[in-house]
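Visitor: fold the following.
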Amino acid sequence: MTDMLATERHGLLVKELEASGVLKITELAARLGVSRATIRRDLMDLEAAGLVTRVRGGAVLAASEAVERSAGVAGVAGAATEPTAGTGPQVLGLLVPAATHYYPSVVAGVRAVAATRGARVVISLTDYAQTRDLDALDELNASSATGLLIASADGHHPPRGALDRLRARGLPFVLLERQPDDGFAPSEFVASDHRQGAFAAVRHLVNLGHDKVGLFTNGGPTAPLIREGYEAAVRLLPLAPSSPAVDSGSPVLGSTRAAATYDRFLAECRATGTRAALVHSDHDAIELMRRMRAQGLGVPDDLALVAYEDEIASLADVPLTAVAPYKRELGEEAARLLLDRLASPAPGAVPVRQLFLQPRLVVRASCGAADRL
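Guide: Modelled structure (predicted):
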């Protein structure tokens, strides 16, 4: 290809990364219609220019120009504005289970704080493969990581064996959107309080006059916590217990199985007189709306909806009211906890900290609130 074509391709790569935050080489190659080898060479060029940072199997955007200027250099390393103990820059090993969807904002938060503290970030992706977690941790150790930020692939509560192996490695670590199932374990973590998020969503629907609220979840790691918050709301507000609470078990979006699950949920809502629902996730809420239209039903008149995640909720035909976890802030807080730990002069100098961030509720048209104002 000519230099001009390569330049145009570089621009497209940066735009794709600006839209998604993190992308894999296979996805970039498919989107741009070129070979993976070409994408790898392009990413090397862009990394040399300080525009992206390559990670295992893909790339993320480099820190913003403003952050880079404040740090003094380009990329993930910066001149420390807050001195860190030790003879060299700290290296944060970041393990995340996905390169898209929820985690790009988390990664951006980690990187922004690292840049202001003179730290580097090394990222490993596991694609929600539990068997990859320990291999990825070994890779991060081999990369000279001085501390670890861990979002494991095995749900909200990592197995005790995995935590024991983490401690045996001897590196300070902070769990991201994860916490030990042993509530008394002295492990540091930063997590969204999804139970409070779900409770707030149901309470909002109750305040709009609903005495029955259904729940639809998609089988993801967050689903059990959302269900706990929902069940607490049903019990404490209180609500009629007859409304459907369905978990889809993660069918492929657009599949026959997924459509059947949406239709079953809608049928149960009609049978129980339920006219409001909390739906996890945005994608499922949008698909549910599509199934409703096919049945001649409307939002919010026939079923008021609140989505959970707020990734694409505002783009729905009827903009979705949504519970929005603070994803970037979660990454920022986790990076601060770990860097404080790494900078401490002695093991007990910094107390063990466990931090919950309460999601916010963003009100739009799908719950019917605008009609009542």
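
Visitor: ramachandran coordinates for the residue nearest to Leu288 when sequence neighbours are not counted?
Guide: Spatially, and ignoring its direct neighbours in sequence, Leu288 is nearest to Tyr262 (5.1 Å; Cβ to Cβ, 6 or more residues apart in numbering). C-beta here means a position set from N, CA and C on the backbone, and glycine is covered the same way. Here the main-chain torsion angles of Tyr262 (degrees, to the nearest 10) amount to phi -60, psi -50.

Visitor: wait, what's in contact with Tyr262?
Guide: Applying Cβ atoms under 8 Å, 6 or more residues apart in numbering to Tyr262 gives the contacts Phe216, Asp284, Glu287, Leu288, Arg291.

Visitor: most neighbours among the residues you listed, please name it.
Guide: The residue in the contacts of Tyr262 with the most neighbours, by other Cβ atoms under 10 Å, is Phe216 (28 neighbours).

Visitor: looking at this, that one is in a helix?
Guide: No: counting by DSSP: H, G, I helix; E, B strand; the rest coil, Phe216 is not found in a helix; it is strand.

Visitor: who are the neighbours in contact with it?
Guide: When the contact criterion is Cβ under 8 Å, 6+ apart, the partners of Phe216 are Pro244, Val246, Asp247, Ser248, Tyr262, Phe265, Ala277, Leu278, Val279, His280, Asp284, Leu288.

Visitor: for the fifth one, give me the pLDDT.
Guide: In other words, Tyr262. Tyr262 is assigned a predicted lDDT (pLDDT) of 96.

Visitor: how far away is it from Pro319?
Guide: 20 Å (Cβ to Cβ, to the nearest Å).

Visitor: pop the domain breakdown of the protein in here.
Guide: Domain segmentation of the chain under automatic domain parsing yields 1-62, 194-325+361-372.

Visitor: rewinding a little: which of the contacts of Phe216 fall in strands?
Guide: Residues of the contacts of Phe216 located in strands (DSSP state E): Val246, Asp247, Ala277, Leu278, Val279.

Visitor: find the residue at the geometric middle of this structure.
Guide: Tyr102 (2.7 Å; Cα atoms, centre = their mean).

Visitor: pretty sure that one contacts Glu311?
Guide: Yes: at 7.3 Å, Tyr102 counts as touching Glu311 under the criterion of Cβ atoms under 8 Å.

Visitor: deepest-packed of the domains of the chain, please.
Guide: Ranked by mean neighbour count, the domains of the chain are led by domain 194-325+361-372 with a mean of 19 (mean count of other Cβ atoms under 10 Å).

Visitor: check the offset of that domain from the chain's centre.
Guide: Counting by Cα atoms, centre = their mean, to the nearest Å, domain 194-325+361-372 is centred 19 Å from the centre of its parent chain.

Visitor: how about CSV for the domains of the chain, with distance to Ala114 added?
Guide: Converted to CSV, the domains of the chain look like this (distance: least, Cβ to Cβ, whole Å):
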stretch, distance to Ala114
domain 1-62, 11
domain 194-325+361-372, 21
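
Visitor: which stretch in these has the least confidence?
Guide: Lowest mean pLDDT of the domains of the chain: domain 1-62, a mean of 71.

Visitor: number of nearby residues for the closest residue in space to Leu337 that isn't next to it in sequence?
Guide: Leaving aside its sequence neighbours, Leu337 sits nearest to Val174 (Cβ to Cβ, 6+ apart; 5.0 Å). For Val174, the number of neighbouring residues by other Cβ under 10 Å comes to 26.
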